[in-house]
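>>> Predicted model and sequence follow; I will ask about them next.
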Amino acid sequence: MKHCAAPACPFATRYGRAAEYADSVARCVDCGALLHDGPAPEPTPAPNAEPLPRASRGLWLRGGLTLLIAALAVLLQQLDLPTIRDPGFEVPSGALGPLAVGLGPLILGFGLVELVAALIPQLRPSRYAGPRGRSRLVAMSIAIGLGLTLITTTLTTPTLSYLVDLDIRLVSLLLAATPLLLYYVSRGVDRFGVGSGLAVILAALVVPDLVSHLRSLFDTGGPETSAAGEAALLLATAALALPVWWTCGPAGSTPGWVRRVVPSGPMTLPLSGGSPLLDLLLPLTVVTPLLSFFGYWLDLPAFLYTHLPVATPHLLAVGAAALLVGWLYNQPARVAAVLRGLSLHVGAGSAETPLRRALWRAVPLSALLVVAAVGLWAYGADHVAEVPPTVLELAMLVVVTLDLRAEWRARRALGRLGRAWCLHRSYAVAPVLTALEREGIDAFARNRHLRALLPFLASWAPIDILVRPGDVARAQAFLAARLGASGKLSRDAILDALS
């Protein structure tokens, strides 16, 4: 009898014990590692975790800075510019504020650049070249996002000038400068705070709408709220957030039935947001209001709406999109290339077979969860007193909170941390952490939960690999050399990433 001794083997991660094979088998079918002679050793109980050290004064200051910038974003969202006393109709709070344009154009700029970089072979190496390579894409994203902001501002300002008691040039300047300023303020959180700044800000902007919705539940003078509708909204959020929590957390904290269904290790559940069509329709959400300013309206097809009774075609489209996005993002050959680059698997075909098997098991489950979330949300939104935030907004608030909690605990355990690398492939996180641990480098992956929910178009929130300051140079050199082959980088690109 033989057994697989690889600690990162998906079988061991899923079931808590090593896989056993007959003597005629040479390699593990789950991870491709060479088998060891003899039966599998009895699993030893995990030692009791040592209590985390108390949070230092510097960590509390970091947390305070994060809360301060999140509060600033909420204030800018709720703040109203001086308006004419009698506009003739009721205007929602913040609709005439400095964030009336919002961060949408900047987010769209990141998404468009990521799509172009994935489609053009000459730009693909920049997606995997670490911080220096990604900085070029970030610069292009900001430039495109600023251009879209200026276009939106130019069309919005004449409309607001009838309602805002300010000079039209000042209104245009505020609407263009505020989102850009808020983005660069968010970069301060990345360096001096806890969590990813832009992710924290976007999650914080959901809170006022959530509070307003919760207040409506206890408003005795308002319309009656459906308990079934509220339960459907909670279940829709849980359908997206719980699998992300389970796949990103330790194997021991995952229920046994989940470990048998959801793949573990490098192949995480391939979710792409509350609705994959949201990524695809993001340009339309900007084009539609632009056309409306010219007197036209883009009449979207009925199957793109989630509200009943036209939700059934939409759910079918969402399910198909989830299958397509999950397969394109988690192609077994690319996942295996990362594993081979980190020396976690040997051979070409041995790693791809179990990955392909895991993908076929995970993608239908992912589509089912996404369809369930959209369907539950469509039902709940039609049966509650006040329209709540969307399912994707609430799920993002949950996963960002999980990321903040994880980074807070990591900084308590490891002390000061510095960025060694940034990843944009969620399936590379577990192998990278395993490889760094094998090299004796303690590491933490920031934004891991968020990018499991939004793996592709959330390029504005990179998965930063944080290590102790003394290990930064060694971790950079190791990852540049090992991930360079899988990303097909040129020698100059690798040297540039190390400079």
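The structure has been received and is ready for your questions. Residues are numbered from 1 along each chain as shown.
>>> Every contact and neighbour count from this point should use C-alpha atoms.
Will do.
>>> What are the structural domain limits within the protein?
1-44, 59-498 (automatic domain parsing).
>>> which stretch among the ones you listed comes nearest Pro51?
Among the domains of the chain, the nearest to Pro51 by Cα to Cα is domain 59-498 (9.0 Å).
>>> Please identify the buried residues of stretch 432-442?
Val432, Leu433, Thr434, Ala435, Leu436, Ile441, Asp442 (16 or more other Cα atoms under 10 Å).
>>> That should have said stretch 131-149, apologies.
131-134, 137-138, 140-142, 144-149.
>>> Name the nearest of the residues you listed relative to Leu365.
Once Cα to Cα is applied, the member of the buried residues of stretch 131-149 that ends up nearest Leu365 is Arg134, at 31.9 Å.
>>> element containing the closest one?
Assigned by DSSP states H and E, Arg134 falls within helix 130-160.
>>> after that helix, next one along is what?
helix 168-192.
>>> coming back round to it: and the helix holding Arg134 with helix 168-192, angle?
150 degrees (axes from the mean of the first three to the mean of the last three Cα atoms, to 10 degrees).
>>> Quick one: distance of helix 130-160 to the chain centre.
20 Å (Cα atoms, centre = their mean, to the nearest Å).
>>> ok, back up a step: for the domains of the chain, which one sits closest to Leu52?
Leu52 lies closest, by Cα to Cα, to one member of the domains of the chain: domain 59-498, at 5.8 Å.
>>> now that closest one, how far from the chain's geometric center?
Distance, centroid of domain 59-498 to centroid of chain: 4 Å (Cα atoms, centre = their mean).
>>> what's near enough to touch the nearest residue to Cys248 once chain neighbours are set aside?
Leaving aside its chain neighbours, Cys248 sits nearest to His449 (6.4 Å; criterion: Cα to Cα, 6 or more residues apart in numbering). Residues counted as contacts of His449 (Cα atoms under 8 Å, 6 or more residues apart in numbering) are Val244, Trp245, Cys248, Val399, Val400, Leu402, Asp403.
>>> now swap in Ile142 and tell me
Residues in contact with Ile142 (Cα under 8 Å, 6+ apart) are Leu106, Gly109, Phe110.
>>> try Ile463
Counting by Cα under 8 Å, 6+ apart, Ile463 has contacts Cys422, Leu423, His424, Ser426, Val429, Ala445, Arg446, Asn447, Arg448, Arg451.
>>> These in helices, which ones?
Val429, Arg448, Arg451 (DSSP state H).
>>> As a markdown table, the domains of the chain with mean pLDDT and distance to Pro53 would be great.
Formatted as a markdown table, these follow (pLDDT from 0 to 100; distance: least, Cα to Cα, whole Å):
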| stretch | mean pLDDT | distance to Pro53 |
| --- | --- | --- |
| domain 1-44 | 74 | 26 |
| domain 59-498 | 78 | 6 |
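>>> Output the ones you listed in CSV; the columns should cover distance to Leu52.
As requested, these are exported to CSV (distance: least, Cα to Cα, whole Å):
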stretch, distance to Leu52
domain 1-44, 23
domain 59-498, 6
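>>> Summarise which helices and strands the helix or strand hosting Arg334 is packed against.
Per DSSP H and E, Arg334 falls inside helix 332-341. Judged by 3 or more Cα pairs under 8 Å, 6 or more residues apart in numbering; DSSP states H and E, helix 332-341 is in contact with helix 349-381, helix 472-486.
>>> For stretch 165-181, which outside residues touch it?
Stretch 165-181 is contacted by residues 81-84, 98-103, 106, 146, 149-150, 153-154, 157-158, 161 when judged by Cα under 8 Å, 6+ apart.
>>> Phi first, then psi, for His213.
Dihedral pair for His213: phi -70, psi -40, per degrees, to the nearest 10.
>>> Distance check, the nearest residue to it once chain neighbours are set aside against Leu79.
Spatial nearest neighbour of His213, chain neighbours left out: Pro388 (5.7 Å); criterion: Cα to Cα, 6+ apart. Pro388 sits 21 Å away from Leu79 when distances are taken as Cα to Cα, to the nearest Å.
>>> neighbour-wise, which of the two wins?
Pro388 (22 against 17; other Cα atoms under 10 Å).
>>> can you pull the contacts of the more buried one?
With Cα under 8 Å, 6+ apart, Pro388 has these contacts: Asp209, Leu210, His213, Ala381.
>>> hang on, the last one packs against Ala228?
No. With contacts defined as Cα atoms under 8 Å, Ala381 does not count as touching Ala228, sitting 10.7 Å away.
>>> Same drill for the two, tell me which one is more crowded.
Ala381 (22 against 13).
>>> Name the nearest residue to the more buried one, ignoring sequence neighbours.
Val387 (5.9 Å).
>>> And the one you found, its phi and psi?
Taking degrees, to the nearest 10 as the convention, Val387 sits at phi -60, psi 120.
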